[in-house]
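Visitor: Sequence below, structure please.
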Amino acid sequence: MSIYDEKPWLALYDAGQPAEIVPEFTDALAMFRAAVARAPQAPAILYFDGRISYAELDRLSDGLAGYLAAHGFGAGDRLAVYLQNVPQFVIAILGAWKAGGIAVAVNPMNRAREIGILFADCTPKAVVCHDTTFEETVGALEPGLRPQIVLTTSALAFQTRNDRRLFAATQRVACAGTVDFEAAIAAGGALPPAPSYKPDDIAFLVYTSGTTGVPKGAMNTHGNVTFNAQTYRDWIGLGEGAPILGIAPLFHITGLIGHIAAAFITASPLILAYRFEPGVMLDAIEEHKAAFTIGAITAFIAMMNHPDAA
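Guide: Residues are numbered from 1 along each chain as shown. Predicted structure coming up:
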């Protein structure tokens, strides 16, 4: 009998805490659909003064899935999501799943050389990127590396506050040879048959940073996403509908699971603010009454040292 058979750590669990997790969902899209079914009018995303309900997020991602399918995106195809912490990130991953595909989370700080390496590896059929960075990044790729479908979008969308601490110099940019993200959703198309994902099917490709070599695409399955979301809910005790503050980058596994997936499994609003700025985050906590977050220690230190912190 080994210590792993005796499991002495179970004695440290809180009263009533189960020794094992029985997965509630087989795939991440089913987890999202359950949130829509039980809380359609509850906020799914809070972005400055913008609010997207779960029903609206469902409708927006339907539109994107229909557009993707109408333009040749199908089962197993990859959609590169090359965005900051904006509502379009969440819409994009849902649209990819609804169209039967895989979402590829791309660091928005990467530039053309790094993106070229990633795209050569995962060969995405589509990409969503910011209009302000398109020209020097996706637009600078060799034709053979550029995805067939290129959607551009503005960080100014889905809100009207235009906080000067983040957007003082930001304007919408027209990008030749691309399709506007919101226009694509509006155009839509016939929804493909609802995909039937198995736990072993890939939900996300998340690339390593490349510190010790060429970045590698880590395959995160639907079963992995839903199991870990449930771990957040059941072991940390996240409440149903309790607002989650998106401090971590959404392209990072922390943001994908600790923010997006955790929000889906609890039908909670995800608070987004484009990119980390300590004063903006403090305002978001106060305005939207954030109940939970997870992020780097340096981010918490930056907020604690901010003159507006109390």
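Visitor: where do the helices sit along this structure?
Guide: For the chain, helices defined by DSSP state H occupy the ranges 3-6, 28-38, 54-70, 87-98, 112-122, 131-134, 164-167, 181-187, 222-231, 253-255, 262-266, 278-288, 297-304.
Visitor: what about those helices, which gets the closest to Gly210?
Guide: Judged by C-beta to C-beta, the one of the helices of the chain that comes nearest to Gly210 is helix 112-122, at 7.6 Å. In this view, the C-beta of every residue, glycine as well, is placed from N, C-alpha and C.
Visitor: who touches the closest one?
Guide: 78, 80, 82, 104, 106-107, 110, 127, 136-138, 140-142, 145-147, 205, 207, 210, 214-215, 217 (C-beta atoms under 8 Å, 6 or more residues apart in numbering).
Visitor: so how far is Gly223 from Asn85?
Guide: 26 Å (C-beta to C-beta, to the nearest Å).
Visitor: and these two? which has more neighbours close in?
Guide: Asn85 (24 against 19; other C-beta atoms under 10 Å).
Visitor: which residues touch that one?
Guide: Contact analysis of Asn85 by C-beta under 8 Å, 6+ apart lists 246, 249-250, 255, 272-275.
Visitor: Recalculate using a threshold of 7 Å.
Guide: 246, 249-250, 272-275 (C-beta atoms under 7 Å, 6 or more residues apart in numbering).
Visitor: Out of those residues, which comes closest to Leu156?
Guide: Of all those, Leu156 sits closest to Tyr274, with 9.4 Å by C-beta to C-beta.
Visitor: Assess the claim that that closest one and Ala155 are in contact.
Guide: Yes. Counting by C-beta atoms under 7 Å, Tyr274 does reach Ala155; the two are 5.3 Å apart.
Visitor: Quickly list what's touching both of those two.
Guide: Residues touching both Tyr274 and Ala155 by C-beta under 7 Å, 6+ apart: 84, 86.
Visitor: Show the model's pLDDT score for Ala310.
Guide: For Ala310, the pLDDT comes out at 84.
Visitor: Check Ile21 too.
Guide: Note on Ile21: pLDDT of 85.
Visitor: Contact partners for it?
Guide: By C-beta under 7 Å, 6+ apart, the neighbours of Ile21 are 227, 230-231, 234.
Visitor: rerun that using 6 Å as the cut-off
Guide: The contact partners of Ile21, by C-beta atoms under 6 Å, 6 or more residues apart in numbering, come to Gln230.
Visitor: returning to that earlier point: just the buried ones from the contacts of helix 112-122, in ChimeraX syntax?
Guide: Applied in ChimeraX, the following selects the buried portion of the contacts of helix 112-122 according to 16 or more other C-beta atoms under 10 Å:
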select :78,80,82,104,106,107,110,127,137,138,141,145,146,147,205,207,215,217
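Visitor: The contacts of helix 112-122 in strands, which ones?
Guide: Applying DSSP state E to the contacts of helix 112-122, the entries found in strands are 78, 80, 82, 104, 127, 205, 207, 217.
Visitor: who touches the second one in this structure?
Guide: Contacts were defined as C-beta under 6 Å, 6+ apart; by that measure Ala80 touches 104, 106, 124, 127.
Visitor: would TSV of those with pLDDT and distance to Thr160 be doable?
Guide: Below are these laid out as TSV (pLDDT from 0 to 100; distance: C-beta to C-beta, whole Å):
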residue	pLDDT	distance to Thr160
Val104	98	30
Val106	98	27
Pro124	98	31
Val127	98	27
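Visitor: Serialize those residues to CSV and add fields for distance to Gln41.
Guide: Converted to CSV, the contacts of Ala80 look like this (distance: C-beta to C-beta, whole Å):
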residue, distance to Gln41
Val104, 31
Val106, 32
Pro124, 34
Val127, 32
